[in-house]
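Undergrad: Could you work out the structure for the sequence below:
(2 chains)
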Number of protein chains: 2
Amino acid sequence: MLSEFDIIDRYFTRPSPGAVLGVGDDAALIKPARGMELAVSTDMLVAGQHFFADADPRKLGHKSLAVNLSDMAAMGARPRWAILSLALPEPTVRTDEKWLEAFADGFFGLAQAHQVDLVGGDTTRGPLAISVTIIGEVATGKALRRSGARPGDDIWISGQLGDAALALAHVQRRMVLEPGEITGCLSALHTPTARVELGQRLIGLADSAIDISDGLLADLGHILKSSKVAAVINISEINCSAAMKRCLPRALALECLLAGGDDYELCFTVPRSRRKKIEMLSLEQRIPLTRIGEIDEGEGLVVLDAAGNTITLETKGYDHFHV
Amino acid sequence: MLSEFDIIDRYFTRPSPGAVLGVGDDAALIKPARGMELAVSTDMLVAGQHFFADADPRKLGHKSLAVNLSDMAAMGARPRWAILSLALPEPTVRTDEKWLEAFADGFFGLAQAHQVDLVGGDTTRGPLAISVTIIGEVATGKALRRSGARPGDDIWISGQLGDAALALAHVQRRMVLEPGEITGCLSALHTPTARVELGQRLIGLADSAIDISDGLLADLGHILKSSKVAAVINISEINCSAAMKRCLPRALALECLLAGGDDYELCFTVPRSRRKKIEMLSLEQRIPLTRIGEIDEGEGLVVLDAAGNTITLETKGYDHFHV
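TA: Prediction:
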């Protein structure tokens, strides 16, 4: 059986050219470039809460890093270093080795694509849990915060919302997707794309940003609360897949769209005067960027349907304590 | 019932004067001082592996930070920022609130003593697990590494070894401590002291350092392997408590002393010419610092008893994968 040290040596020790000292000492050593601040964030994924215990380890490796990259994107930071803690159950049928190899493959595949170095971590036996901390660089004073939204700002989202939640509803048999819809939705759920490059390009353009991990309403709500402003959005403006369009306006689909979570798209606010610049950025980055509403003075979030009627929803976002 | 956001607001949001931006955005922002590198480390504590599920939450809060501070000490780094991820089971008899309040008390009590800011984290439902990442500062190029030991170096340890392991053996009924011995050993186990100040003072003096978390033999072994050197130590030189002295030379006590783990003392190597300086440092810091052996050329670790005979041990250190 593999020891803790074997596991680290064999699966999690790779060159870390961006670090002063990588895996293998009491701590890693990193040195930010001059004039840069560091953005630091963490996400913990627990079997049974965030994924099924028998989930594909390669996709899990990808996703555990992707959700953290998404936090860097939301700050406009360039992700550079990751730290990974892993609690692994006693091996049963499936051997540790196969699981670890696939997990590391998924993790490092995405890490290398973003030139992120894994510089440290911890492994232990325990119920399957993955905790990743990510550290990125952003020019001093330039980070995108939740607190910068101002009345008159347009509210934008990247990509399409709700597909991950649709996939989950399908897997849980609360909804039936058609064969042609399943692959796309499942890949939104299992191998999300963090908008890392887009986030960095929004610096100097956006007044505020957040990544949509708990659902649009909850996450936009965080911006409103931090910025002490109100907003109106129109759901007919929200970009979504053909699968979502087919499932709407059923209540469950609407909930997936607005409060499903696991989207990892960016929601950001930009002064109206910069609309053209955002449209250009969308073309250049080849990412759909859609205006869904506007920031107002006051407080609260009003959600309108295509006819301009106010929609009321029960759920306001994903909360890991109320599932 | 508390939501995830309530928990963060109520228990884990405190002023973070040392950070540019603390808890509450997609990431924290920190800025290292000029000329400093950052040391980054992480430790994950899982119920059933590292502590009992009904462990005192205040002590758990203390320990989950202390084990990370100890890694900073081993690098000679000044700990500055912490990130905390917490998986909490569904509340049963004990309410979340009480547990969280006590845990936060223990965590922040130690954090404030070291001027460490909690700048971020994550909370979720799941089997009880605590993952802390710590970031510290150290002057560029000055960090204490495992790889710097040189033949002729003295091998030193701080404090006393083995009491935490004795306490665990007592709790598990593998050993019976006397009433007067229990408190001291239990406090070594539950509320260890990280040698943070000592670590920083060893910069410029020690050639290498590690913290003893997996047991002296395993951790000194890491220094030897990284430094490509050998060593001889004499167990009669190892500083230990009266409780340990009474239990020795029983095999189980010897195992606690040499391979018990959870000591969080420092093991470091220093050129012989600096003996006086280390002795002065011991007086000044009021921490026992004891010479237990010497680094040699070659490879391997020889352990001698008081009579100068070689001791052979089965266990070589704590491994979370082989319990």
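Undergrad: contacts and neighbour counts: CA atoms only from here.
TA: OK.
Undergrad: Now do the contacts for the most centrally placed residue in chain A.
TA: With distances taken as CA atoms, centre = their mean, the residue of chain A nearest its centroid is residue A:264 (3.2 Å). Taking CA atoms under 8 Å, 6 or more residues apart in numbering or on different chains as the criterion, residue A:264 is in contact with A:67, A:70, A:192, A:193, A:194, A:195, A:211, A:212, A:213.
Undergrad: Verify the stated contact: residue A:295 with residue A:148.
TA: No: contact between residue A:295 and residue A:148 fails when scored by CA atoms under 8 Å: they sit 11.1 Å apart.
Undergrad: Can you pull the residues that touch both of those two?
TA: Looking at what touches both residue A:295 and residue A:148 (by CA under 8 Å, 6+ apart), there is no common residue.
Undergrad: Please identify which of the two sits among more neighbours.
TA: Between residue A:295 and residue A:148, counted using other CA atoms under 10 Å in any protein chain shown, residue A:295 has the larger neighbour count: 24 against 19.
Undergrad: one step back: out of the contacts of residue A:264, which are inside helices?
TA: Secondary structure from DSSP state H places A:67, A:70 of the contacts of residue A:264 in helices.
Undergrad: show me which of the contacts of residue A:264 neighbour chain B.
TA: Taking CA under 8 Å from any CA of the partner chain, the overlap between the contacts of residue A:264 and the neighbourhood of chain B is residue A:211.
Undergrad: so who does the residue nearest to residue A:163 when sequence neighbours are not counted touch?
TA: Ranked by CA to CA, 6 or more residues apart in numbering or on different chains and with sequence neighbours excluded, the top spatial neighbour of residue A:163 is residue A:185, at 4.8 Å. By CA under 8 Å, 6+ apart, the residues touching residue A:185 are A:163, A:164, A:166, A:167.
Undergrad: could you pull out the helices for chain A?
TA: For chain A, helices defined by DSSP H occupy the ranges A:4-11, A:57-75, A:96-113, A:163-171, A:179-190, A:196-201, A:216-227, A:242-247, A:251-259, A:275-285.
Undergrad: picking that back up, out of the contacts of residue A:185, who's the most crowded?
TA: residue A:166 (31 neighbours).
Undergrad: pretty sure that one contacts residue A:255?
TA: No: in terms of CA under 8 Å, residue A:166 does not count as a neighbour of residue A:255; the distance is 9.4 Å.
Undergrad: and for these two, which residues touch both?
TA: Shared contacts of residue A:166 and residue A:255 (CA under 8 Å, 6+ apart): none.
Undergrad: re earlier: of the contacts of residue A:264, closest to chain B?
TA: Of all those, residue A:211 has the smallest distance to chain B: 7.5 Å, by CA to the nearest CA.
Undergrad: burial of the closest one, as a residue count?
TA: For residue A:211, which is what you asked about, the neighbour count (other CA under 10 Å) is 30.
Undergrad: same question, residue A:162
TA: By other CA under 10 Å, the residues close to residue A:162 number 29.
Undergrad: tell me the phi and psi of it?
TA: The phi/psi pair for residue A:162 (degrees, to the nearest 10) reads phi 100, psi -20.
Undergrad: distance of it from chain B?
TA: Using CA to the nearest CA, to the nearest Å, we find residue A:162 at a distance of 20 Å from chain B.
Undergrad: thought residue A:274 was touching residue A:204?
TA: No: under the criterion of CA under 8 Å, residue A:274 is not in contact with residue A:204, lying 10.4 Å apart.
Undergrad: which residues touch residue A:252?
TA: Applying CA under 8 Å, 6+ apart, we find residue A:252 in contact with no residue.
Undergrad: Ignore what I typed, I meant residue A:190.
TA: In this structure, residue A:190 makes contact with A:59, A:60, A:63, A:164, judged by CA under 8 Å, 6+ apart.
Undergrad: Also residue A:81?
TA: If you count contacts by CA under 8 Å, 6+ apart, residue A:81 has them with A:18, A:19, A:116, A:117, A:118, A:119, A:134, A:135, A:136.
Undergrad: Of the residues you listed, which is the most crowded?
TA: Each of the contacts of residue A:81 was scored by neighbours using other CA under 10 Å; the highest score is residue A:119's, at 30 neighbours.
Undergrad: coming back round to it: what about the contacts of residue A:264, which are in strands?
TA: With strands defined by DSSP state E, the entries of the contacts of residue A:264 inside them are A:211, A:212.
Undergrad: Adding distance to residue B:6 and pLDDT, write the contacts of residue A:264 out as JSON lines.
TA: Rendered in JSON lines, the data for these read as follows (distance: CA to CA, whole Å; pLDDT from 0 to 100):
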{"residue": "A:67", "distance to residue B:6": "22", "pLDDT": "97"}
{"residue": "A:70", "distance to residue B:6": "23", "pLDDT": "97"}
{"residue": "A:192", "distance to residue B:6": "27", "pLDDT": "95"}
{"residue": "A:193", "distance to residue B:6": "29", "pLDDT": "95"}
{"residue": "A:194", "distance to residue B:6": "27", "pLDDT": "97"}
{"residue": "A:195", "distance to residue B:6": "28", "pLDDT": "98"}
{"residue": "A:211", "distance to residue B:6": "20", "pLDDT": "97"}
{"residue": "A:212", "distance to residue B:6": "19", "pLDDT": "97"}
{"residue": "A:213", "distance to residue B:6": "17", "pLDDT": "94"}
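Undergrad: wait, doesn't residue A:191 sit right on residue A:59?
TA: Yes: with contact defined as CA under 8 Å, residue A:191 counts as touching residue A:59 (6.0 Å).
Undergrad: Can you report how many residues neighbour the residue nearest to residue A:74 when sequence neighbours are not counted?
TA: Once its chain neighbours are removed from consideration, residue A:74 has its nearest residue in residue A:210; the separation is 4.9 Å (CA to CA, 6+ apart). Residues lying near residue A:210 (other CA under 10 Å) number 32.
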